[in-house]
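Student: I need the structure of the sequence given here:
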Amino acid sequence: MSVKDINAIRDAFSALSERSNKSLGHFDERAVGIGRYVPGSSPWEKHNNGDELLYVTDGEVQLEILSDSGESSIEPLTTGSLFIVPRGKWHQLTASDHVNILYISPAEDGVDRQREHPFESGDG
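Tutor: Model prediction:
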């Protein structure tokens with residue numbers, strides 16, 4: 001057990017130009033961390049073993065989520081926004097500038113990731 005200084009981590013991230021993650025520990029069976037995202041899009045991912053919590057601590061990001069039929073919805077997230085991505089939903093983050101996101105994610109053994117659009121590649 002230890003106290004995590006999120007402000008110090010955010011300050012350290014501000015000097016970075018590349019993507020970075022800092023693990024903060026575990027909450028039950030979930031990974032807790034903060035990620036520094038750079039301009040561009042993350043890979044598509046879906047968590048088959050639980051919901052994922054995203055909390056934007058700094059910046060703005062577009063969260064695209066795909067329905068089971070492949071229809072897209074975009075949620076703009078700004079500093080202070082919290083969003084829970086439902087289990088099994090493909091999603092992708094797109095940032096136009098650096099953004100920091102605190103996350104609580106299910107175990108890695110239940111995640112699928114890919115660069116190409118899940119429904120355009122024939123997967124889904």
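Student: any chance you could map the helices in the chain?
Tutor: Per DSSP state H, the chain has helices spanning 6-14. These are given in chain order.
Student: can you show me the strands along it?
Tutor: Listed in chain order, the strands of the chain (DSSP state E) span residues 20-27, 30-37, 40-41, 44-47, 52-58, 60-66, 72-78, 82-85, 91-95, 99-105, 111-114.
Student: what does the fourth one contact?
Tutor: So that's strand 44-47. Around strand 44-47, the neighbours that count as contacts under CB atoms under 8 Å, 6 or more residues apart in numbering are 85, 87-92, 105-106, 110-118. Backbone N, C-alpha and C define where each C-beta goes, glycine included.
Student: can I assume Gly88 is in contact with Gly50?
Tutor: No. Look at Gly88 against Gly50 with CB atoms under 8 Å: they stay out of range, at 9.4 Å.
Student: those two: who's more crowded?
Tutor: Neighbour totals were compared for Gly88 and Gly50, and Gly50 leads with 19 against 14 (other CB atoms under 10 Å).
Student: dump the residue contacts of that one.
Tutor: For Gly50, the contacting residues are Glu29, Arg30, Arg87, Ser105, Pro106, Ala107, Gly110, by CB under 8 Å, 6+ apart.
Student: list phi and psi for it.
Tutor: Comment: the main-chain dihedrals of Gly50 come out as phi 160, psi 170, following degrees, to the nearest 10.
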